[in-house]
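Q: only geometry, no sequence info:
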């Protein structure tokens, strides 16, 4: 769920240290402002992301710990506490979003990724077969032992990076580190503060250059789902990797959807789920959660909640 945002400081120059590393299939950067031991802190941040990258990987096994790929292949295995926590959070989000986030969409997700890479669509008959498999799959735990029931595969792509980002948030809070800006591949952005000052966040157009909205904020998280980085145009329609678990097809309502809040793991799951909802469903769902959001279509704002105006 990559989304490129331009983030710049709103104030005069101050001492800063920036670090960039590659994890979870993207470049992640963190900038500290007037912060001691920033290098050591950034190293710990990197370790957190790499830890969750390892357990959430559903494309390759052979890591130092059992991961999603291994569990999908074996159907039953001992797992780490980190993976169990991720899986249980995924189950919680399935219930919370009424199935618009689905932990067991792995087979369909891989089928669509392969098809779109070839400029094709997945046949309707195959979609219906895979939906039946997905909806008849569950998971059981016995301590740190997990067992998949049914033929579906797990896919944590919609929550893993946000979950790791929330763990980074917890770590930074535990050491009273507040003067930072974290860009986790731009789909998850965490804004501390720049010695009390705000940042400007430019939300980029998905299918063109430039920005359709600029927000000013601090001490907030933003999670975005977008078709910007992964899309294929077939018969005039843009299809992306973001699937609707109800239909088994790519969601095509929007180009980008951003949610503003506090907890990155929840925002990541909600942005994944809401991308598949129609606008009225999003309004109802996020209003109940007291979360602000903005969606775009055709390179411009389609809708923004009332609270977004406070960041303009």
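A: Structure received. None of these values were measured; they are calculated from a predicted model.
Q: where do the helices sit along the chain?
A: Listed from the start of the chain, the chain has helices (DSSP state H) covering 38-56, 68-74, 81-96, 106-117, 124-135, 160-174, 264-274, 279-288.
Q: Any chance of JSON lines for those helices, columns mean neighbour count?
A: (Glycine included, C-beta is placed from N, CA and C.) Formatted as JSON lines, those follow (neighbours: other CB atoms under 10 Å):
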{"stretch": "helix 38-56", "mean neighbour count": "18"}
{"stretch": "helix 68-74", "mean neighbour count": "19"}
{"stretch": "helix 81-96", "mean neighbour count": "18"}
{"stretch": "helix 106-117", "mean neighbour count": "18"}
{"stretch": "helix 124-135", "mean neighbour count": "16"}
{"stretch": "helix 160-174", "mean neighbour count": "21"}
{"stretch": "helix 264-274", "mean neighbour count": "27"}
{"stretch": "helix 279-288", "mean neighbour count": "15"}
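Q: The ones you listed: which one's closest to residue 242?
A: Distances from residue 242 to each of these were compared using CB to CB; the minimum, 7.1 Å, belongs to helix 264-274.
Q: returning to that earlier point: save the helices of the chain as a markdown table, and put in mean pLDDT and distance to residue 295 too.
A: A markdown table is the format used below for these (pLDDT from 0 to 100; distance: least, CB to CB, whole Å):
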| stretch | mean pLDDT | distance to residue 295 |
| --- | --- | --- |
| helix 38-56 | 97 | 27 |
| helix 68-74 | 96 | 30 |
| helix 81-96 | 98 | 20 |
| helix 106-117 | 96 | 22 |
| helix 124-135 | 98 | 25 |
| helix 160-174 | 97 | 18 |
| helix 264-274 | 97 | 8 |
| helix 279-288 | 98 | 7 |
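Q: Can I get these in JSON lines including distance to residue 189?
A: Compiled in JSON lines, the helices of the chain are given as follows (distance: least, CB to CB, whole Å):
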{"stretch": "helix 38-56", "distance to residue 189": "14"}
{"stretch": "helix 68-74", "distance to residue 189": "25"}
{"stretch": "helix 81-96", "distance to residue 189": "20"}
{"stretch": "helix 106-117", "distance to residue 189": "24"}
{"stretch": "helix 124-135", "distance to residue 189": "30"}
{"stretch": "helix 160-174", "distance to residue 189": "9"}
{"stretch": "helix 264-274", "distance to residue 189": "9"}
{"stretch": "helix 279-288", "distance to residue 189": "18"}
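Q: Tell me which of those helices sits nearest to residue 207.
A: Of all these, helix 106-117 comes closest under CB to CB, at 15.7 Å.
Q: Please state the offset of the closest one from the chain centre?
A: Using CA atoms, centre = their mean, to the nearest Å, the mean C-alpha position of helix 106-117 is found 18 Å from that of the whole chain.
Q: wait, doesn't residue 66 sit right on residue 73?
A: No - under the criterion of CB atoms under 8 Å, residue 66 lies out of contact with residue 73, with a separation of 10.1 Å.
Q: what does stretch 105-124 contact?
A: Where contact means CB atoms under 8 Å, 6 or more residues apart in numbering, the residues beyond stretch 105-124 that reach it are 58, 68, 72, 126-127, 130-131, 133-134, 151-155, 157, 230, 232, 234, 239-241, 243, 245, 248-250.
Q: Burial check on residue 300, number of neighbours?
A: The local packing count at residue 300 equals 10, with neighbours defined by other CB atoms under 10 Å.
Q: Let me see the contact set for the most centrally placed residue in the chain.
A: Among the residues of the chain, residue 268 comes closest to the average C-alpha position under CA atoms, centre = their mean, at 4.1 Å. With contact set as CB under 8 Å, 6+ apart, residue 268 has these partners: 1, 158, 159, 161, 162, 163, 165, 187, 188, 223.
Q: Of the residues you listed, which is the nearest to residue 284?
A: In terms of CB to CB, no member of the contacts of residue 268 lies closer to residue 284 than residue 223, at 18.8 Å.
Q: Distance of the closest residue to the closest one other than its chain neighbours relative to residue 14?
A: In space, residue 223 comes closest to residue 267 once its chain neighbours are excluded; the distance is 3.5 Å by CB to CB, 6 or more residues apart in numbering. Relative to residue 14, residue 267 is positioned 28 Å away (CB to CB, to the nearest Å).
Q: can you check residue 156 too?
A: Shown here: residue 156 relative to residue 14, a distance of 37 Å by CB to CB.
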